[in-house]
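Engineer: fold the following and give me the result.
(4 chains)
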There are 2 protein chains.
Amino acid sequence: MGVMTETYSPAQTVEMSGFSLDTLRYYERIGLIEPVRRAAGGHRRYSDDDLGWLDMLRCLRGTGMPIAQMHTFAELVRDGDDTIADRLALLEEHDANVETEMARLIELQRKVREKIAYYRGALDEQPVECVRD
Amino acid sequence: MGVMTETYSPAQTVEMSGFSLDTLRYYERIGLIEPVRRAAGGHRRYSDDDLGWLDMLRCLRGTGMPIAQMHTFAELVRDGDDTIADRLALLEEHDANVETEMARLIELQRKVREKIAYYRGALDEQPVECVRD
DNA sequence: GCTTGACCTGGAGCGCGCTCCAGATCCCAC
DNA sequence: GTGGGATCTGGAGCGCGCTCCAGGTCAAGC
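Structural biologist: Okay, the predicted model is just below:
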């Protein structure tokens, strides 16, 4: 008796992947996910592989990659092993974008904090009301 | 002869603020910016104060604050000096949100880099073609 | 068998934040 | 005074990424 590959219901997959049910179906519809295996009655049964791929999607989407680019990546994956260099290049470029975005964010956060500091100062110099006498 | 307060044309303001012309007008329309002073013919003349406020907006927007919340902040500013504590609270909360968001981003970036490392490995083990002999 | 809840499909709708457009006006250089 | 570019207004349109809906099917417990 071989080790059965686990499968998961849509509800379980929502739970485990962090995507909503609608998003899972949407991703499948637009081709970000390969057609998911179905149980007899037509209900989806996600595999561990599917879960792995969803994790990849979560990483990419969660770091701001546009759907269109994720689509490109998905196609590379479909096209097999000799696209690995291309996938690597795509991920590296994305990583650089994320890095740039983080730098931008850090810089602006610094400025926000300056403004916070300014308001703290303003608050000290102008207490709500002077205590009488 | 007093020091003239500088004013700036829309084009200059686009240049200096980093917002597009349409966005500047949009922000004014929805009340994120107070009605801007006008020259005789009705053309806008942005002041240094306006520029300062735009810089604030850029910080907030650029760190992902939704327009609605920026609107709240703008109202506090309009309501005068005794809203400073509220403004401070709002900024501090936003700062915390930014911090959370950055942590999320860093964590996912780490995972993206793991995937990159994996692909680098896969590439090494499967070089494009073996050199003959 | 029946109920109840999970799941199905195709397609419409939406929230956000702009962005674009038409048609008019202004302003400056020549 | 004329041409051309900058600017004006009000309103429509859009790109993205979901999210919701109606109307139906499937599955498990009683």
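Engineer: quick one: residues contacting residue A:20.
Structural biologist: By CB atoms under 8 Å, 6 or more residues apart in numbering or on different chains, the contact set of residue A:20 is residue A:14. For the C-beta atoms, the positions are set from N, CA and C on the backbone; glycine is no exception.
Engineer: and the gap between residue A:57 and residue A:19?
Structural biologist: In this structure, residue A:57 lies at 8 Å from residue A:19, with CB to CB, to the nearest Å as the measure.
Engineer: can you list residues touching both of these two?
Structural biologist: Residues touching both residue A:57 and residue A:19 (CB under 8 Å, 6+ apart): residue A:27.
Engineer: more neighbours: which of those two?
Structural biologist: residue A:57 (23 against 18; other CB atoms under 10 Å in any protein chain shown).
Engineer: the more buried one and residue A:24 touch, don't they?
Structural biologist: No. Between residue A:57 and residue A:24 there is no contact, the gap being 9.9 Å when judged by CB atoms under 8 Å.
Engineer: quick one, phi/psi of the closest residue to DNA strand D within chain A?
Structural biologist: Of the residues in chain A, the one nearest DNA strand D is residue A:41, at a distance of 2.1 Å by CB to the nearest atom of the strand. Reported as degrees, to the nearest 10, the phi and psi values for residue A:41 are phi -80, psi 0.
Engineer: list the contacts for residue A:10?
Structural biologist: If you count contacts by CB under 8 Å, 6+ apart, residue A:10 has them with A:21, A:24, A:43, A:44, A:46.
Engineer: these in helices, which ones?
Structural biologist: When the contacts of residue A:10 are checked against helices using DSSP state H, the ones located there are A:21, A:24.
Engineer: ok, of the contacts of residue A:10, which one's closest to residue B:86?
Structural biologist: The shortest separation between residue B:86 and any of the contacts of residue A:10 is 39.2 Å, and it belongs to residue A:21 (by CB to CB).
Engineer: give me every residue that touches that closest one.
Structural biologist: Applying CB under 8 Å, 6+ apart to residue A:21 gives the contacts A:10, A:11, A:14.
Engineer: neighbours of the last one, just the number please.
Structural biologist: Residues near residue A:14, counting by other CB under 10 Å, number 17.
Engineer: tell me which element it is part of?
Structural biologist: helix A:10-17 (DSSP states H and E).
Engineer: from DNA strand C, how far out is residue A:68?
Structural biologist: Residue A:68 sits 15 Å away from DNA strand C, taking CB to the nearest atom of the strand, to the nearest Å as the criterion.
Engineer: which SSE is that residue in?
Structural biologist: Here residue A:68, judged by DSSP H and E, is contained in helix A:67-78.
Engineer: show me which residues of chain A sit near DNA strand C.
Structural biologist: A:9, A:10, A:11, A:12, A:21, A:25, A:38, A:42, A:43, A:44 (CB under 7 Å from any atom of the strand).
Engineer: neighbour-wise, give me the winner out of the residues you listed.
Structural biologist: If you count neighbours using other CB under 10 Å, the busiest of the residues of chain A next to DNA strand C is residue A:44, which has 19 neighbours.
Engineer: isn't it up against residue A:37?
Structural biologist: Yes. The criterion here is CB under 8 Å, and residue A:44 meets it with residue A:37 at 7.3 Å.
Engineer: those helices in chain A, which residues are they?
Structural biologist: Listed in chain order, the helices of chain A (DSSP H) span residues A:10-17, A:21-29, A:48-62, A:67-78, A:84-125.
Engineer: which of those helices is buried the deepest?
Structural biologist: Mean neighbour counts were taken over these using mean count of other CB atoms under 10 Å in any protein chain shown, and the top value, a mean of 17, falls to helix A:48-62.
Engineer: now do that helix: everything it contacts.
Structural biologist: Contacts of helix A:48-62 with the rest of the structure, by CB under 8 Å, 6+ apart, involve A:5-6, A:8, A:13, A:16-19, A:24, A:27, A:32-34, A:36, A:46, A:67, A:69-70, A:73, A:94, B:104-105, B:108, B:111-112, B:115.
Engineer: pull the most distant pair out of the residues of chain A next to DNA strand C.
Structural biologist: In these, the most distant members under the criterion CB to CB are A:12 and A:42, with 17.1 Å between them.
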